[in-house]
Every structure is written in C-alpha cells, then in structure tokens.
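[1] the sequence and its predicted three-dimensional model are supplied below.
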Amino acid sequence: QSCFSKYVNPSQKNAILNILNKNNIEVLNSNFKCCGQIQYALGNQKEYEKLEKHNSKIINNFNGDYIIFDCISCYNNVLKYSNIDKSKLILVEDLLNKIEMPEQQKSLNIVYHQACQEEKAPKILKKMNCQRINNNCCGGMLPFYIENKNLSKKISIKNIENILRQNPKYILTSCQYCKL
C-alpha cells in the first residue's frame, strides 16, 4: 500500500482489499516502506537509499505471485530500484484486468484521469466502458505544488472542470497526487 492509502485515504486500501478478497486473491501484508520518491525529489539521497535497500530485500525474498501497487508513482519509482526482480511487481489495475468483471460494473459512468507518469491507460478501463480524459498533469505532484502553489491550483481547477463536464458517476485515476 502506498503512503497515501495508508495515511491519507485508508478507504482506498480497504476497497482494493475487498475487491481482491471477493475474487479469492489472498493478500499478504508486507513490511514494505515508502518507495522513497519524495525523499529522492527533495534531494534526501541517504534516506532514499535506505528505503530502496529495505524494500529491495522484501521484493527479492518475496515468495508470492505478485507485489501489488495501488499507486503508479510508487510503482514507477520502485521499477527504478537496482538489483530487484521486476517480474514480481504489478499495478492493482493490471491485476484486476485479469479478473472477469460482473455485468453491472461494465456499465458505470466513469471518467478516467490519466496521470502524467502513466504511459497508457489501464486495459481494465475498456472492460468498464470508461470514457477517458487525458488531462496531462493535474498540478498536484507534491514537489511541483510546493514550489508553484498558484499555478498548481489553476491546473487542477481546469482539469476538474473538464472532468465534471462529462457528468461522471465515478472519477478514477491511478495517481495518488491526482486524487488530492
């Protein structure tokens, strides 16, 4: 679980666990720590290396099928770690894509905000008949927000207005910063 779902939005973690449990996917809790992205962005290389070393040991000693990430920022950052088995890493939406979806979930009015660090939208969105908005940056990435609060707010407002014009029942994104 990402720092965001652990400390800011635990209901996200609970919702993901509920979906995985309903699909008979056993989830083991690990001692995985923060991916270190913020420490790296703020120039705290020593703390970043400490987190990378700790998390790399967990990845390389993991005996399950997948290490599931609920945050694309964390996932992309961990992919940059050296000397890890990347084949064990998966985004939750990619794992969910492997699961058959109930019919009622295929007709929801969903708009997806594609995060700027996301190369392509998750395949599961096609199963859900999701409209997709590619808004580029939401303005919410923490280091950018800290340095450019006014510009960040303007970008966020524009993106929210674009999404709300679609009149969605649900708004999805894989990025924790975009959710803020």
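    Arrived safely, thanks for sending.
[2] what stretches of this protein score poorly on pLDDT?
    Applying pLDDT under 70 to the chain flags residues 1, 4, 101-108, 119-121, 126-129, 131-136, 142, 179-180.
[3] any chance you could map the helices in it?
    Counting by DSSP state H, the chain forms helices over residues 3, 10-22, 37-41, 45-61, 72-79, 92-96, 124-127, 142-147, 149-164, 176-179, given from the N-terminal end onward.
[4] quick check: the residue nearest the centre of the chain vs residue 148, distance?
    With the centre of the chain defined as its mean C-alpha position, the nearest residue by CA atoms, centre = their mean is residue 71, 2.0 Å away. Using CB to CB, to the nearest Å, we find residue 71 at a distance of 22 Å from residue 148. Backbone N, C-alpha and C define where each C-beta goes, glycine included.
[5] residue 67 now?
    For residue 67, the distance to residue 148 (CB to CB) stands at 33 Å.
[6] likewise for residue 84?
    Applying CB to CB, the value for residue 84 to residue 148 is 33 Å.
[7] okay, those two: which has more neighbours?
    Set side by side, residue 84 and residue 148 show more neighbours around residue 84, with 20 against 14, by other CB atoms under 10 Å.
[8] list the contacts of the more buried one.
    56, 59, 60, 78 (CB atoms under 8 Å, 6 or more residues apart in numbering).
[9] residue 35 and residue 74 touch, don't they?
    Yes. Residue 35 lies in contact with residue 74 (CB atoms under 8 Å); the separation is 4.1 Å.
[10] which residues do those two both contact?
    Counting by CB under 8 Å, 6+ apart, the residues touching both residue 35 and residue 74 are residue 2.
[11] residue 117 and residue 75, how far apart?
    From residue 117 over to residue 75 the distance is 9 Å, taken as CB to CB.
[12] the more surrounded of the two?
    Using other CB under 10 Å, the more surrounded residue of residue 117 and residue 75 is residue 75, with 22 against 16.
[13] leaving out chain neighbours, which residue sits closest to the more buried one?
    Leaving aside its chain neighbours, residue 75 sits nearest to residue 69 (3.9 Å; criterion: CB to CB, 6 or more residues apart in numbering).
[14] go on, residue 173?
    Distance criterion CB to CB, 6+ apart; nearest residue to residue 173, sequence neighbours excluded, is residue 113 at 4.1 Å.
[15] make CSV from the contacts of residue 84 and add distance to residue 19 and neighbour count to it.
    What follows is these, written out as CSV (distance: CB to CB, whole Å; neighbours: other CB atoms under 10 Å):
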residue, distance to residue 19, neighbour count
56, 28, 16
59, 23, 18
60, 28, 12
78, 22, 23
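[16] farthest-apart pair in those, please.
    The span of the contacts of residue 84, defined through CB to CB, is set by 60 and 78 at 12.1 Å.
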